[in-house]
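**Q** Sequence and predicted structure, then a few things I'm wondering about:
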Amino acid sequence: MSTRIGFLKGHGTENDFVIVPDPDNVIDLPPAAVAALCDRRAGIGGDGLLHVVRSAAHPEAEEMAAEAEWFMDYRNGDGSVAEMCGNGVRVFARYLQCAGYTGEGDLAVATRGGVKTVHIAKDGDITVGMGKARLPEGEVTVSVGERSWTALNVNMGNPHAVAFVDDLAHAGNLHSPPPFSPAGTYPDGVNVEFVVDRGPRHVALRVHERGAGETRSCGTGACAVAVAAARRDGADPAVTGTPATYTVDVPGGTLVITERPDGEIEMTGPAVIVATGEIDVEWLESAAR
């Protein structure tokens with residue numbers, strides 16, 4: 001293996017990622033190595049890591065290779081594996097564009113949450129087809145300190161608990177996962193969104209992402225919030241027959257979420273590559289021990 005590994009740094013509405021291009025899937029990235037790279041003081045720093053691999057070269061994506069050439073092997077900042085990351089898909093697509101693997105227009109990206117359709121617009125924004133939301137049955141409660149709220153259980157390929165609150169400050173510091181009940185609802189943890197209204201079809205959120213803590217943005221979380229808001233507002237597209245579009249403010253910017261009558265959800269927002277560099281392999285191996 002080379003003594004240096006190329007990397008890039010990018011973000012989507014300030015949800016930031018270390019990007020490791022590895023088309024042939026030859027770079028070993030155990031959880032400790034990913035956590036070291038994402039460390040904001042001793043590493044490069046990021047909410048997560050985007051391992052860029054050709055689908056045919058990765059055992060988890062081989063079956064999707066006919067639909068999507070590229071697989072987003074996404075890891076949380078603590079090194080754990082995640083099914084999907086909406087902001088990550090946009091940044092992943094931006095990397096492929098910058099590297100010359102794709103241009104403006106449509107693209108398919110394989111993820112652990114399935115194949116996602118992507119459109120890179122001329123104005124720079126990127127739209128991701130996020131699939132359909134599932135709303136598992138059963139009431140969920142989330143808590144911060146002495147406050148508790150009923151939350152809507154929304155699955156976007158990864159689990160979310162969406163709570164509408166009076167003030168985003170009520171979410172506390174979000175360093176630790178907010179407690180939820182019933183205890184067995186999310187055996188692998190959950191992303192928790194706290195939401196306030198800003199205006200008609202306009203909301204704002206703060207989020208605790210499992211494995212990362214509070215982040216500046218969460219794409220799947222914004223989609224879950226838009227779905228929850230539409231149900232609360234009586235604007236379920238499957239019932240009304242009309243698409244529901246919500247503007248969702250996140251701490252790092254703004255995303256636009258549209259749910260169509262067929263249940264398909266689209267997310268539109270920016271994606272930026274900010275830097276390129278090289279990782280010292282000796283440091284990485286030492287940090288991963």
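**A** Noted; the coordinates are in hand.
**Q** Give me the distance between the two termini of stretch 46-59.
**A** 25 Å (Cα to Cα, to the nearest Å).
**Q** Go through it and flag the buried ones.
**A** 46-56, 58 (16 or more other Cβ atoms under 10 Å). In short, each C-beta sits where N, CA and C put it, glycine included.
**Q** Also stretch 269-289?
**A** 269-271, 273, 279, 284, 287-288.
**Q** Point to the residue nearest the middle of this protein.
**A** Centroid-nearest residue in the chain: residue 85, 2.3 Å away (criterion: Cα atoms, centre = their mean).
**Q** Which of the helices or strands spans the residue nearest to that residue when sequence neighbours are not counted?
**A** Closest residue to residue 85 apart from its sequence neighbours, by Cβ to Cβ, 6 or more residues apart in numbering: residue 74 at 5.0 Å. Element membership of residue 74, judged by DSSP states H and E, is strand 70-76.
**Q** next structured bit after that strand?
**A** Using DSSP H and E, the first helix or strand after strand 70-76 is helix 86-98.
**Q** now that following helix and strand 70-76, what's the angle there?
**A** Counting by axes from the mean of the first three to the mean of the last three Cα atoms, to 10 degrees, helix 86-98 points 140 degrees away from the direction of strand 70-76.
**Q** Which residue ranges of the stretch 1-150 of the chain form strands?
**A** Per DSSP state E, counting those that start in this stretch, the stretch 1-150 of the chain has strands spanning 4-12, 15-21, 48-54, 70-76, 105-111, 114-120, 126-132, 140-144, 147-155. These are given in chain order.
**Q** Tabulate the ones you listed (TSV), appending distance to residue 206 and mean pLDDT.
**A** Listed next are the strands of the stretch 1-150 of the chain as TSV, based on distance: least, Cβ to Cβ, whole Å; pLDDT from 0 to 100:
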stretch	distance to residue 206	mean pLDDT
strand 4-12	17	96
strand 15-21	13	97
strand 48-54	18	97
strand 70-76	18	96
strand 105-111	25	97
strand 114-120	25	96
strand 126-132	20	95
strand 140-144	11	97
strand 147-155	13	97
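**Q** will you turn those strands into CSV that also has distance to residue 265?
**A** Output for the strands of the stretch 1-150 of the chain, formatted as CSV (distance: least, Cβ to Cβ, whole Å):
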stretch, distance to residue 265
strand 4-12, 16
strand 15-21, 18
strand 48-54, 21
strand 70-76, 18
strand 105-111, 14
strand 114-120, 11
strand 126-132, 4
strand 140-144, 20
strand 147-155, 11
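**Q** Surely residue 228 is in contact with residue 205?
**A** No - at 10.2 Å, residue 228 does not count as touching residue 205 under the criterion of Cβ atoms under 8 Å.
**Q** Now list whatever residues contact both of these two.
**A** residue 195 (Cβ atoms under 8 Å, 6 or more residues apart in numbering).
**Q** May I ask which helix or strand encompasses residue 285?
**A** When secondary structure is defined by DSSP H and E, residue 285 falls within helix 281-287.
**Q** What average pLDDT does that helix get?
**A** Averaged across helix 281-287, the pLDDT comes to 92.
**Q** Go ahead and confirm residue 219 touches residue 87.
**A** Yes - if you go by Cβ under 8 Å, residue 219 and residue 87 touch, sitting 4.1 Å apart.
**Q** Neighbour count: the two, which is higher?
**A** residue 87 (35 against 27; other Cβ atoms under 10 Å).
**Q** measure that one to residue 236 for me?
**A** Relative to residue 236, residue 87 is positioned 25 Å away (Cβ to Cβ, to the nearest Å).
**Q** low-confidence ranges in the chain?
**A** 1-2 (pLDDT under 70).
**Q** Show me it divided up by domain.
**A** 4-125+271-287, 140-269 (automatic domain parsing).
**Q** In CSV: those domains, plus distance to residue 134.
**A** Output for the domains of the chain, formatted as CSV (distance: least, Cβ to Cβ, whole Å):
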stretch, distance to residue 134
domain 4-125+271-287, 11
domain 140-269, 4
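**Q** so which of these comes closest to residue 132?
**A** domain 140-269 (4.0 Å; Cβ to Cβ).
**Q** Residue 258: neighbouring residues, count only.
**A** 18.
**Q** what secondary structure does it sit in?
**A** Under DSSP: H, G, I helix; E, B strand; the rest coil, the three-state class of residue 258 is strand.
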